[in-house]
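**Student:** Give me coordinates for this.
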Amino acid sequence: MARVHALRCLDSRHQTTMSMMLPAASVASLASLCLFDFESAFPSVSHGWIFLILDIIGAPEGFVNVIKGLYVDAKAYSQVEGKLVFLFTVLSGVLTGCPLS
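**Tutor:** Predicted coordinates for the structure are as follows:
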């Protein structure tokens, strides 16, 4: 609804016109919509969910295989004193540059 009201205030050239704005008295009684991005959306997307959606939409098998190649059995490592140390298995998140992003 917030988007609908915002668009009502714009003309075809996306310029605000005073005649399209709500009167100040009525704006004072409207609820406000405050959105805060406390966490990026992509890191919270489960890999299981991605595979489920790809299956539901009937994505081509080759595309699904490429995506699974990026995300199945993904692990995080760190280098400690010149040796790789396993940290954890990555079960969520979309890689930057991935076709899904």
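**Student:** quick one, strands of this structure?
**Tutor:** Remark: strands assigned in the chain by DSSP state E are 75-80, 83-89.
**Student:** wait, which of those strands is closest to residue 58?
**Tutor:** With distances scored as CB to CB, the stretch of those nearest to residue 58 is strand 83-89 (28.1 Å). (C-beta placed from N, C-alpha, C; glycine too.)
**Student:** Strand partners (parallel or antiparallel) of the closest one?
**Tutor:** When sheet partners are counted by DSSP bridges, strand 83-89 sits next to strand 75-80 (antiparallel).
**Student:** rewinding a little: okay if I get the strands of the chain as CSV plus distance to residue 67, mean pLDDT and mean neighbour count?
**Tutor:** Listed next are these as CSV, based on distance: least, CB to CB, whole Å; pLDDT from 0 to 100; neighbours: other CB atoms under 10 Å:
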stretch, distance to residue 67, mean pLDDT, mean neighbour count
strand 75-80, 17, 89, 9
strand 83-89, 17, 92, 9
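**Student:** closest to residue 46 out of these?
**Tutor:** Using CB to CB, the strands of the chain put strand 83-89 closest to residue 46, at 12.6 Å.
**Student:** Per-residue pLDDT of residue 44, please?
**Tutor:** In this model, residue 44 is scored at 83, pLDDT.
**Student:** And for it, the neighbour number?
**Tutor:** If you count neighbours by other CB atoms under 10 Å, residue 44 ends up with 11.
**Student:** Now do it against residue 69, distance only.
**Tutor:** Separation of residue 44 from residue 69 (CB to CB, to the nearest Å) stands at 22 Å.
**Student:** Equivalent analysis for residue 51, please.
**Tutor:** 12 Å.
**Student:** Neighbour count for the two, which is higher?
**Tutor:** residue 51 (16 against 9).
**Student:** Quick check, pLDDT for the nearest residue to the more buried one once chain neighbours are set aside.
**Tutor:** Of all residues not flanking residue 51 in the chain, residue 68 sits nearest, at 7.0 Å (CB to CB, 6 or more residues apart in numbering). Here, the pLDDT recorded for residue 68 equals 91.
**Student:** Also residue 81?
**Tutor:** Model confidence at residue 81 (pLDDT) stands at 90.
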